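Asks: here is a sequence together with a model predicted from it:
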Amino acid sequence: MARPIWKGSITYSLRRDALKRTERAGVGTIVLRQREHLGALDAVDDALVLSLLRYAHEIRGADTLDLPKEGEGYQKREMDLDVLREVIEKKVEGQDVTVAPQTKKPARVVDLVKAPEESLRAPVRRAA
C-alpha cells in the first residue's frame, strides 16, 4: 500500500535533497508575529530545520546582563555532588541503593473558625 502524499511533499523533498547534496543552507526572511526575521533553512536527516538568525545589534554581551557571580545564588550543599556520585557508583556495581526519605516539619495549620474566637478571648491591650 502506498503512503499518502501530502500536498507540498514533492517541494519539501526537492528542497531538502538539494540542500543536502550541495551542503548549503538557505537564507531568507520570514514573518513571525507581524515582525520580519532572518532565518537559515538547513537539511538535518529527513527534516528541514529553520534557525532564526540575529543581527549584531540584537545580541547583548554577558557583561550587560544581571548575572550572579560565580559561587553565588545557591547553597554549597546544592553543588556538592559527592553523595550523588557514590549512589551512581553503587548502582553501576549492581548494589541496591535506598535513599532515606527527607523529614519535613509539619506545616502550621491555622483553624480559621477558632482563630477569631481566640482573638476575642485574648486580653485587650490599650495604647499607653
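Replies: Perfect, I can see it now. Numbering: from 1, shown residues only.

Asks: chain neighbours aside, what residue packs nearest to residue 42?
Replies: Distances taken as C-beta to C-beta, 6 or more residues apart in numbering put residue 25 closest to residue 42, at 4.5 Å, once the chain neighbours are dropped. For glycine as for every other residue, the C-beta is placed from the backbone atoms N, C-alpha and C.

Asks: residue 49 is in contact with residue 25, isn't it?
Replies: No: taking C-beta atoms under 8 Å as the definition, residue 49 is not a contact partner of residue 25, at 9.3 Å.

Asks: what residues are shared contacts of these two?
Replies: Both residue 49 and residue 25 are contacted by 41-42, under the criterion C-beta atoms under 8 Å, 6 or more residues apart in numbering.

Asks: related to what we said a few turns ago, quick check on the residue nearest to residue 42: phi, psi?
Replies: Summarising the backbone geometry of residue 25 under the convention degrees, to the nearest 10, its torsions are phi -120, psi 150.

Asks: report pLDDT for residue 78.
Replies: At residue 78 the predicted local distance difference test score is 66.

Asks: and if you look at the one 3 residues further on?
Replies: In this prediction, residue 81 carries a pLDDT score of 75.

Asks: can you count the residues close to it?
Replies: Neighbourhood size, residue 81 [other C-beta atoms under 10 Å]: 9.

Asks: go on, residue 41?
Replies: Burial of residue 41 is recorded as 17 neighbouring residues (other C-beta under 10 Å).

Asks: quick one: low-confidence ranges for this protein?
Replies: Low-confidence regions of the chain, defined by pLDDT under 70, span residues 1-5, 76-80, 99, 128.

Asks: one more pass at 50, please.
Replies: Scanning the chain for pLDDT under 50 picks out 1.

Asks: where exactly do the strands run in it?
Replies: All strands of the chain, identified by DSSP state E, fall at 26-32, 35-44, 47-53.

Asks: ok, residue 60 to residue 69 distance?
Replies: Noted for residue 60: a distance of 18 Å to residue 69, by C-beta to C-beta, to the nearest Å.
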